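J.: just coords:
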């Protein structure tokens, strides 16, 4: 049983025990109901305490059951809460550590509640594209007041129990325990007190019977709707939270519950909710590597070495300082070190100024940073990451030096974004200790970390790097070795399509606008200007010799020949005003594209936004299908995580693979066949990848 029943004298204790967060799965729900029945039938029991084992009261629904029949099987959570309310003996919920989602809704069904200080209280369903579905929108406003409750429900953010307990008029907690240690004793005392109080047969207090009103209801809810609309335009759930809480102030409790349930069930099937639920599961699954078990021993990382104090090296360093891990930074020249440290200081000082970082925290982080000009000083580092120039010869020199000085068992990592990690590993006598750690720029901000597994990379090295990624708050995704790994290999196809679209009749601004309307953070041309168009130029020059039959539009090369590298030169696909990042469409660029079309003898055609989006997004999907087939990525969800956390793919669409699944892979493959007929495009590329063709034939999906 995942809910244990014990009797302490005259008190029955039902303890949820379904680690890690005591999720309310079917077995747990059955256990709670069975415990209530047993306690109510036992004449020696006067009252019941409901609590959670380990590190949580309950974190809510059991994600392992999401979307399965078990999730809705009786007793469902609503039935469990009804059973708690209808208990003939008083039920005290003793909350500690975490009481969120369905866990908080369960507690709101109890007759009395006591919480340990520091308990995180939340209804986070909105983060999954849902509203609370077991009475949260109807009960929380009754105990905390409409405004506090609505803020919590719309944001989904946790609030500490002592803060909520201090609110005037709150009825969420009958008592705040003195400490986590005394919670059980204080809960028993409260339960005995409740039993004595109702010994005369008087009714137990129920949250559902409390009044729920707002003095300026209409005006307040209108204001709340306007606020939500501005902040969450692509997500239906936040606005529905407002509707549900408003219903709590206008309808009878039972009608409000029916209203909440209808909204919950309708949201469950929206594309946004499916995308957010997919993201939730994919993010947790990304850290699991099929052949590296969870209990693989990890190496101890007490000191990190970073080679290079440029933009990347500085950003990487900040991640470790933020997590309290000492860093030794190496450069060849003192001025380069000084520049790097000045940039790190500037970044932290900006956070202090905005009130996001306390001065003493800033000083503490800087005290963990030391610098050196000598490789010998890296001899004690447990993990060394190089962030030097993206050229194999430069990497070779660095790794040969590291091989000579690093201690045995030190992990040697390369931040390369495209180079062959197996070649890099073979510059050393210890290829098993070499791994790719591809951070995304700016490295102190971007969530994604591509962990590149070489042929020889040891399993404990992978396990260690995945654990350290979590510690520095990154979403780590494992990739095999290939040109560009997962993210950059796919983005190359996307960029090629963007180029063909220009030749056929679109402008950079039209392509960017269409993709941004679809939900990308920025279109391909604004992205090129931000990253530097010369980077893509260098890759294409390499391609012209390595893959001479791969077709590219010449427009991007012509742009670079004009010296228009992007924001850093004040001109790229767009013009820029000094000191500003606004992209201003450039007449010069449009003229260059038109002249190029004339030279190729192309008559421009009108291209729809739909075609632009499909060619760009489906190019990602087809290349990703090849990546899955080759085993470079182990699952489609990993590819979605790369695009959601590293490339600005719209979160409410769930990533390219999830989006393709939702559209129907048959429809995606049909569109690809259409694009293959276009003489100006690359017909070879648009042959659906074998995996995609197979999934279509079998009527299956990627995820």
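T.: Perfect, thanks for sending it. Fair warning: this is a prediction, and the values are worked out from it, not measured in the lab. Numbering: from 1, shown residues only.
J.: State the next helix or strand along the chain beyond the helix or strand of the chain with the lowest mean pLDDT.
T.: Ranked by mean pLDDT, DSSP states H and E, the helix or strand of the chain with the weakest confidence is helix 69-72, at a mean of 84. Next helix or strand after helix 69-72 toward the C-terminus (DSSP states H and E): helix 77-85.
J.: Point out the other helices and strands that that next one packs with.
T.: helix 26-41, helix 102-109 (3 or more CB pairs under 8 Å, 6 or more residues apart in numbering; DSSP states H and E). C-beta here means a position set from N, CA and C on the backbone, and glycine is covered the same way.
J.: and the angle from the longest one to helix 77-85?
T.: Going back to what we said before, that points to helix 26-41. Interaxial angle, helix 26-41 versus helix 77-85 (axes from the mean of the first three to the mean of the last three CA atoms, to 10 degrees): 20 degrees.
J.: Let me know how buried the nearest residue to residue 326 once chain neighbours are set aside is, in neighbour terms.
T.: Residue nearest to residue 326 in three dimensions, not counting chain neighbours: residue 368, with 4.5 Å by CB to CB, 6 or more residues apart in numbering. Using other CB atoms under 10 Å, residue 368 has 18 other residues around it.
J.: What separation do you get for residue 368 and residue 329?
T.: 11 Å (CB to CB, to the nearest Å).
J.: tell me the contacts of residue 652?
T.: Shown in contact with residue 652 (CB atoms under 8 Å, 6 or more residues apart in numbering): 129, 234, 235, 271, 272, 275, 276, 519.
J.: nearest spatial neighbour of the second one, skipping sequence neighbours?
T.: Looking back up the chat, that one is residue 234. Using CB to CB, 6+ apart, the nearest residue to residue 234 is residue 652, at 4.7 Å.
J.: Quick check, pLDDT for that neighbour.
T.: pLDDT recorded at residue 652 is 94.
J.: what does the domain assignment say about the protein?
T.: Following automatic domain parsing, one finds the domains of the chain at 3-268, 304-479, 487-698.
J.: got a markdown table for those, with distance to residue 284 too?
T.: Output for the domains of the chain, formatted as a markdown table (distance: least, CB to CB, whole Å):
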| stretch | distance to residue 284 |
| --- | --- |
| domain 3-268 | 8 |
| domain 304-479 | 10 |
| domain 487-698 | 9 |
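J.: one step back: now the contacts of residue 652 as TSV including distance to residue 61, neighbour count and secondary structure?
T.: Below are the contacts of residue 652 laid out as TSV (distance: CB to CB, whole Å; neighbours: other CB atoms under 10 Å; DSSP: H, G, I helix; E, B strand; the rest coil):
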residue	distance to residue 61	neighbour count	secondary structure
129	14	26	coil
234	24	10	coil
235	19	21	coil
271	20	16	helix
272	18	21	helix
275	18	24	helix
276	14	21	helix
519	27	15	coil
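J.: ok, so of these, who is nearest residue 689?
T.: Closest approach between the contacts of residue 652 and residue 689, by CB to CB: residue 275, at 22.7 Å.
J.: is it true that the closest one touches residue 656?
T.: No - at 11.5 Å, residue 275 does not count as touching residue 656 under the criterion of CB atoms under 8 Å.
J.: what bridges to residue 477?
T.: The partner list for residue 477 in beta bridges (DSSP bridges) reads residue 450.
J.: Would you check how far apart it and residue 466 are?
T.: 10 Å.
J.: Who has more neighbours out of the two?
T.: Using other CB under 10 Å as the criterion, residue 477 and residue 466 rank with residue 477 on top: 31 against 22.
J.: which ones are touching the residue of the chain positioned farthest from its centre?
T.: Largest separation from the mean C-alpha position in the chain: residue 200, at 52.9 Å (CA atoms, centre = their mean). Counting by CB under 8 Å, 6+ apart, residue 200 touches no other residue.
J.: what phi and what psi does the backbone show at it?
T.: For residue 200, the backbone dihedrals (degrees, to the nearest 10) come out as phi -80, psi 0.
J.: all numbers from here: first residue = 45
T.: Happy to do that; since the first residue is 45 now, the last one works out to residue 244.
J.: Need the per-residue pLDDT for it.
T.: pLDDT for residue 244: 93.
J.: The one 3 residues further on now?
T.: In the predicted model, residue 247 carries a pLDDT score of 95.
J.: try residue 73
T.: Looking at residue 73, its pLDDT is 96.
J.: what's the neighbour count on it?
T.: Look at residue 73: counted by other CB under 10 Å, it has 25 neighbours.
J.: likewise the one 3 residues further on?
T.: The burial metric for residue 76, expressed as a neighbour count using other CB under 10 Å, is 25.
J.: Excluding chain neighbours, give the residue nearest to residue 730 in space.
T.: Using CB to CB, 6+ apart and skipping the chain neighbours, the partner closest in space to residue 730 is residue 720 (3.8 Å).
J.: Might one say that the one you found is in contact with residue 727?
T.: Yes - under the criterion of CB under 8 Å, residue 720 makes contact with residue 727 at 4.4 Å.
J.: on that earlier part again, which stretch among the helices and strands packed on helix 121-129 is buried most, on average?
T.: helix 146-153 (a mean of 28; mean count of other CB atoms under 10 Å).
J.: could you check the angle helix 70-85 makes with that one?
T.: Using the same axes, to 10 degrees: helix 146-153 against helix 70-85 is 20 degrees.
J.: which helices and strands does helix 146-153 pack with?
T.: Judged by 3+ CB pairs under 8 Å, 6+ apart, helix 146-153 is in contact with strand 91-96, helix 121-129, strand 135-139, helix 180-188.
J.: Surely residue 693 and residue 687 touch.
T.: Yes - Residue 693 lies in contact with residue 687 (CB under 8 Å); the separation is 3.9 Å.
J.: Quick check: neighbours shared by these two?
T.: Residues touching both residue 693 and residue 687 (CB under 8 Å, 6+ apart): 699, 700.
J.: quick check, the residue nearest to residue 278 in a strand?
T.: No - under DSSP: H, G, I helix; E, B strand; the rest coil, residue 696 sits outside any strand and is assigned helix.
J.: Show the contacting residues for the residue nearest to residue 370.
T.: Applying CB under 8 Å, 6+ apart, the residues near residue 412 are 364, 365, 368, 369, 370, 371.
J.: Figure out the length between the terminal residues of stretch 413-420.
T.: One end of stretch 413-420 sits 17 Å from the other (CA to CA, to the nearest Å).
J.: just stretch 242-256 next, same as before
T.: End to end - CA to CA - stretch 242-256 spans 25 Å.
J.: Next, the buried residues of that stretch.
T.: Buried residues in stretch 242-256, defined by neighbour count with 16 or more other CB atoms under 10 Å: 242, 248, 249, 250, 251, 252, 256.
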